[in-house]
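> Sequence plus predicted model, see below.
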Amino acid sequence: RKEVEQDPGPFNVPEGATVAFNCTYSNSASQSFFWYRQDCRKEPKLLMSVYSSGNEDGRFTAQLNRASQYISLLIRDSKLSDSATYLCVPARRSGGSNYKLTFGKGTLLTVNP
Amino acid sequence: NAGVMQNPRHLVRRRGQEARLRCSPMKGHSHVYWYRQLPEEGLKFMVYLQKENIIDESGMPKERFSAEFPKEGPSILRIQQVVRGDSAAYFCASSPSGGANTGELFFGEGSRLTVL
């Protein structure tokens, strides 16, 4: 089983649509969770951290279910600029202050006019 | 306020040559990570370093690849005798140490290696 599994995508949605991405992780030692976005041929950038109680940042809502080892990202009222690959990233401590992040393969989202 | 700086941004090498990729972390960051991204693939962890120490190199190929982060200067990822399969984007990331480290990584723009 892969450490991180994401919806294969690609997702093609019209502007204004709501889209949800799912992710499962296999390492129960994971302690921190993130969603990154990566634009085509660019570096990954942090979109948001994911907290146990769930959290919202504008149009973006992240949920975490530790029992099921499941993470989700919801994007409401999608914009053209949301087109990117979304990476699910669980992290675990690996000695001292080191975090070891494991990146999912990502789900490609294209928002169409 | 410079972010993570990587150079060169693009590098072309012929099979058998050496490739050296450099990374300067963000100011105040003491942890450096190298990731490789093959075309149409996800990021794969290679190595984690602190100044003068390799902390975790579990993702590094056993041969031809090495990394260092000297006391002075940038971190360097070195690939000897490159082969076509080494063609990829190599991303460097940094993070602060201690309590300031939340697990978030700050990435450079990457170095794209093409092996002819």
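Looks like it arrived, so ask away. Numbers count the residues shown, from 1 in each chain, chains lettered A, B, ... in the order given.
> Same question for the lowest-mean-pLDDT helix or strand in chain B: list its buried residues.
None of the helices or strands of chain B scores lower by mean pLDDT, DSSP states H and E than strand B:53-56, at a mean of 90. Neighbour-count burial for strand B:53-56, counted by 16 or more other Cβ atoms under 10 Å in any protein chain shown, picks out B:55, B:56. All C-beta atoms are positioned from the backbone trio N, CA, C, and that covers glycine.
> Stretch A:102-113 now?
Buried-residue list, stretch A:102-113, by 16+ other Cβ under 10 Å: A:102, A:103, A:104, A:105, A:106, A:107, A:108, A:109, A:111.
> next structured bit after the worst-scoring helix or strand of chain A on mean pLDDT?
Taking mean pLDDT, DSSP H and E as the measure, chain A has strand A:99-101 as its least confident helix or strand, at a mean of 83. Counting by DSSP states H and E, the element after strand A:99-101 in chain order, helix or strand, is strand A:107-112.
> partners of that following strand, with directions?
As defined by DSSP bridges, the strand partners of strand A:107-112 come to strand A:11-14 (parallel), strand A:84-93 (antiparallel).
> Tabulate the CA atom coordinates of it in PDB.
Taking Å, rounded to 0.1, in the frame of the first residue of the first chain, the C-alpha atoms of strand A:107-112 are listed here in PDB:
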ATOM      1  CA  THR A 107      -4.600  15.600  -8.000                       C
ATOM      2  CA  LEU A 108      -4.700  17.900 -11.000                       C
ATOM      3  CA  LEU A 109      -7.500  20.400 -10.900                       C
ATOM      4  CA  THR A 110      -8.500  22.500 -14.000                       C
ATOM      5  CA  VAL A 111     -11.100  25.200 -13.500                       C
ATOM      6  CA  ASN A 112     -12.700  26.200 -16.800                       C
END
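> So which residues make contact with that strand?
A:6-15, A:17, A:19, A:21, A:75, A:78-86 (Cβ atoms under 8 Å, 6 or more residues apart in numbering or on different chains).
> Where do the helices of chain A begin and end?
Applying DSSP state H to chain A gives no helices.
> Would you mind listing what in it touches chain B?
A:31-32, A:34, A:41-46, A:49, A:87, A:91, A:94-95, A:97-106 (Cβ under 8 Å from any Cβ of the partner chain).
> how about the helix or strand that the least confident helix or strand of chain B is followed by, does it reach chain A?
With elements assigned by DSSP H and E, the helix or strand that comes after strand B:53-56 is strand B:65-68. No - with Cβ under 8 Å from any Cβ as the criterion, chain A is not reached by strand B:65-68; the gap is at least 15.2 Å.
> Also stretch B:38-55?
Yes - contact of stretch B:38-55 with chain A (Cβ under 8 Å from any Cβ) involves B:41, B:42, B:43, B:44, B:45, B:48, B:55.
> In this structure residue B:76 contacts residue B:24, no?
No - shown here, residue B:76 and residue B:24 do not form a contact pair, counting by Cβ atoms under 8 Å, at 10.5 Å.
> and the residue most central in space within chain B, what does it touch?
Closest to where the C-alpha atoms of chain B average out (Cα atoms, centre = their mean) is residue B:34, at 3.3 Å. When contacts are counted by Cβ under 8 Å, 6+ apart, residue B:34 touches B:23, B:46, B:47, B:67, B:75, B:77, B:90, B:91, B:92, B:93.
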